[in-house]
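Participant: Just to be clear, the model below is a prediction. Sequence and coordinates:
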Amino acid sequence: MTTPTRIPGEWHIPYQYTIGTFATSFFEALHEQRILGCKCVKCGRVSVPPKSFCEYCFVPVEELLEVGHEGVIEAVTVVTAPFAGSPPVPYAVAYVRLDGATSSICNYVRGADLNSLAELPAALRIGSRVRVVFGENPEGRVTDFWYEPIGDRQ
Amino acid sequence: MSIQQAAVLGFGQTRYKTSRIDVGTPELVYEAVSRALADADVELGEIDAVVFASAPEVFEGVYEPEHWCIDAFGGVGKPLLRVHTGGATGGSAALAAARLITAGIYDTVLVVGLQRTSETADAQAVFTTIFDPIYEQHVQLNVITGIALVASRQMEFFGLTEDHMAWVSAKNFANARRNPFAHLQLDVTEQDVKESRSLAHPLRLLHCCPRSDGAAAVVMTSSEKARHRSHAAIVKGLGCAADVYRIGDRIHDDESDFAIPRALAWAAAEAYKDAGITNPRSELDVVEVYAPFANLEIAYYESLGLAPRGRGIELVETGATAMDGDIPFVPSGGCMASNPIGATGLVRFGEAALQVMGRAGDHQVDGARLALATACGGIDQFYTAAVLAARSS
């Protein structure tokens, strides 16, 4: 009986992703501890992160504006099983609608007690408020900030 | 809608496994295609065109696998299209083939689906690359975390509990044991599901699909050409739709809450209209849904119009979607038991065809005349829906 074998292979292809001026402004603002969204003049939606068109009205969007440093959790999970490239587990990830925005943006949530996960801690429930915390050494990545629980639930 | 309809003549699939180490990739495709041709009683020379379905090549590590595998599906000298809508790929390919037939462009079309997820060690690292590299990849999202985020909203707003998810998992794994092609053949109780390893709250290992190697193929022709065949399934309705890309843009109001995918509702509405279905709950006999996670199946009960908004869990509580319920979901075990991603949507389509042809073997739903097959891609972003009917209905 032949035992089938395998031939090893690898893809190693570096990329430089082009992000455009809106996203560049977003990341530059993170250096100044500000979070930028954009506002569609037609429908008034404030999208965070910003993009240079409104998918609802299908018109260009030109206005960048600053949104709040607090917001509300819209969707959340605590990852408990590691995978290649993941941070050490457990860690929490949430989509948060920042004050003044109509969309939500994903980031890590730090500072919640993740030791007992029979159910999510109240601080991480949908509807809980969180604040934005900025790291000390911004790298021009979305992870230059993260969320931390405030404690009071809406 | 044109008078001409598409009809399924045959379906072939491989045994799904973590690794089909016994065959190379073109050989895996050949296995499915040769079975489909035999099942359809069609010679390769009668095939007018091929639609090939495969999702991220990062799994196979070979770019454009449709070219590598062309000999294995008899594609040389024939028109060849490749379709790619992520996990929905197999459903989109079936839809494309049916439309080519109903448009009168080709008479007989072979649809091929392939995925080899075993060639790389870490599927979730592959899935991280489907996210936006500017704002989302750095948070290390993947499919499991993405669907856990969906579940968080189902739990908060629509009453979903671990009990509901455990029931769906146990049901689907039990169904898979009736299907000799299913990858996972597990004896799983609801308690086993609740005690399985946590991956990303609230998802546990036994709420999630495996990653599978496998291929599938379907032979379709015009209803006119299928008229004298001993068995055929009529494609009565088709639909597809996609939602906006960013998850954060999909959470805003009742119309778009990210918990109950609206793009599947759009796709299903189109397919139902096409098929003349006005009350899917009473008219459909069986559903082969593409739900790789237990919570998604429950969300889809609502998207598919089978339960009122926020009450999908009632189909669990009443047992409606069990094998002996009034609308069985995934009698084959579905993609929670086998998930060769790019092929999976085509497997759902082929399984739905088998049901209405009365050829599903041990997982046959008695008397099934009208079946729905769906497919899902991205993080709940792309959907297809297809209604298959027994010939005389």
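Facilitator: Looks like it came in fine.
Participant: Chain A: helices as residue ranges?
Facilitator: Secondary structure of chain A (DSSP state H): helices at A:20-31.
Participant: Spatially central, which residue of it would that be?
Facilitator: residue A:106 (2.4 Å; Cα atoms, centre = their mean).
Participant: who touches it in this structure?
Facilitator: Applying Cβ atoms under 8 Å, 6 or more residues apart in numbering or on different chains to residue A:106 gives the contacts A:93-96, A:142, B:135-136, B:139, B:141, B:247-248. Just so you know, the C-beta spots here come from the backbone N, C-alpha and C atoms, and that holds for glycine as well.
Participant: possible to save those as a markdown table with pLDDT and neighbour count?
Facilitator: Below are these laid out as a markdown table (pLDDT from 0 to 100; neighbours: other Cβ atoms under 10 Å in any protein chain shown):
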| residue | pLDDT | neighbour count |
| --- | --- | --- |
| A:93 | 96 | 24 |
| A:94 | 97 | 28 |
| A:95 | 97 | 27 |
| A:96 | 98 | 26 |
| A:142 | 95 | 23 |
| B:135 | 90 | 22 |
| B:136 | 86 | 23 |
| B:139 | 89 | 22 |
| B:141 | 84 | 25 |
| B:247 | 91 | 27 |
| B:248 | 91 | 25 |
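Participant: As TSV, these with distance to residue B:310 would be great.
Facilitator: Formatted as TSV, the contacts of residue A:106 follow (distance: Cβ to Cβ, whole Å):
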residue	distance to residue B:310
A:93	25
A:94	23
A:95	20
A:96	24
A:142	33
B:135	31
B:136	28
B:139	29
B:141	26
B:247	21
B:248	22
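Participant: so where's the chain uncertain?
Facilitator: Picked chain A for this. A:151-154 (pLDDT under 70).
Participant: To clarify, I was referring to chain B.
Facilitator: Filtered on pLDDT under 70, chain B yields the residue ranges B:1-3, B:393.
Participant: which residue ranges form the strands in it?
Facilitator: B:6-13, B:49-54, B:80-83, B:109-116, B:198-200, B:203-204, B:213-222, B:233-242, B:286-288, B:370-377, B:382-390 (DSSP state E).
Participant: So which of those strands is nearest residue A:38?
Facilitator: When the strands of chain B are compared by Cβ to Cβ, strand B:233-242 sits nearest residue A:38, at 22.8 Å.
Participant: Show me what from the stretch 101-250 of chain B comes close to chain A.
Facilitator: B:121-122, B:124-125, B:128, B:133-136, B:138-142, B:144-145, B:148-153, B:156-157, B:197-201, B:203, B:244, B:246-249 (Cβ under 8 Å from any Cβ of the partner chain).
Participant: highest average neighbour count across the strands of chain B?
Facilitator: Ranked by mean neighbour count, the strands of chain B are led by strand B:109-116 with a mean of 31 (mean count of other Cβ atoms under 10 Å in any protein chain shown).
Participant: Sheet partners, orientation included, of it?
Facilitator: Strand B:109-116 pairs in its sheet with strand B:49-54 (parallel), strand B:213-222 (antiparallel), by DSSP bridges.
Participant: Among these, single out whichever gets nearest to residue B:42.
Facilitator: Comparing the strands paired with strand B:109-116 under Cβ to Cβ, the one sitting nearest is strand B:213-222, at 5.2 Å.
Participant: Pull the distance from that closest one to the chain's centre.
Facilitator: Centroid displacement of strand B:213-222 relative to its chain, using Cα atoms, centre = their mean, to the nearest Å, is 13 Å.
Participant: With distance to residue A:146 as new columns, can the strands of chain B be given to me in a markdown table?
Facilitator: Converted to a markdown table, the strands of chain B look like this (distance: least, Cβ to Cβ, whole Å):
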| stretch | distance to residue A:146 |
| --- | --- |
| strand B:6-13 | 45 |
| strand B:49-54 | 37 |
| strand B:80-83 | 39 |
| strand B:109-116 | 35 |
| strand B:198-200 | 18 |
| strand B:203-204 | 22 |
| strand B:213-222 | 38 |
| strand B:233-242 | 31 |
| strand B:286-288 | 41 |
| strand B:370-377 | 30 |
| strand B:382-390 | 30 |
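Participant: Let me have the strands paired with strand B:109-116 in JSON lines, adding distance to residue A:36 as columns.
Facilitator: Shown next, in JSON lines, are the strands paired with strand B:109-116 (distance: least, Cβ to Cβ, whole Å):
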{"stretch": "strand B:49-54", "distance to residue A:36": "39"}
{"stretch": "strand B:213-222", "distance to residue A:36": "45"}
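Participant: Residue A:80: which of those strands is closest?
Facilitator: So among the strands paired with strand B:109-116, strand B:213-222 is nearest, using Cβ to Cβ, at 27.0 Å.
Participant: Please identify which of the strands paired with strand B:109-116 is closest to residue B:103.
Facilitator: strand B:213-222 (10.6 Å).
Participant: tilt between that closest one and strand B:233-242?
Facilitator: 120 degrees (axes from the mean of the first three to the mean of the last three Cα atoms, to 10 degrees).
Participant: still on that earlier bit, specify the beta-bridge partners of the residue nearest to the centre of chain A.
Facilitator: residue A:95.
Participant: distance of it from residue B:152?
Facilitator: 13 Å (Cβ to Cβ, to the nearest Å).
Participant: Chain A contacts on the stretch 251-393 of chain B?
Facilitator: Contact residues, the stretch 251-393 of chain B versus chain A (Cβ under 8 Å from any Cβ): B:251-252, B:258.
Participant: what about the closest residue to residue A:149 other than its chain neighbours, how many neighbours?
Facilitator: Distances taken as Cβ to Cβ, 6 or more residues apart in numbering or on different chains place residue A:123 nearest to residue A:149, at 3.5 Å, with adjacent residues excluded. For residue A:123, the count of nearby residues is 20 (other Cβ atoms under 10 Å in any protein chain shown).
Participant: My guess is residue A:123 contacts residue A:114. True?
Facilitator: No: the pair residue A:123 and residue A:114 fails to qualify as a contact (Cβ atoms under 8 Å) at a distance of 10.3 Å.
Participant: Nearest residue to the middle of chain B?
Facilitator: Note: chain B centre (Cα atoms, centre = their mean) maps to residue B:345, 3.0 Å.
Participant: Run through who's touching stretch B:219-227.
Facilitator: By Cβ under 8 Å, 6+ apart, stretch B:219-227 touches B:4-11, B:36-37, B:39-40, B:42, B:47, B:94, B:97-98, B:101-102, B:107-111, B:232, B:234-235, B:391.
Participant: and with 6 Å instead?
Facilitator: Stretch B:219-227 has contacts (Cβ atoms under 6 Å, 6 or more residues apart in numbering or on different chains) with B:4-10, B:36, B:40, B:42, B:97, B:101, B:107-110, B:232, B:234.
Participant: The residue nearest to the centre of chain B reaches residue B:93, doesn't it?
Facilitator: No: contact criterion Cβ atoms under 6 Å: residue B:345 and residue B:93 do not qualify, at 7.4 Å.
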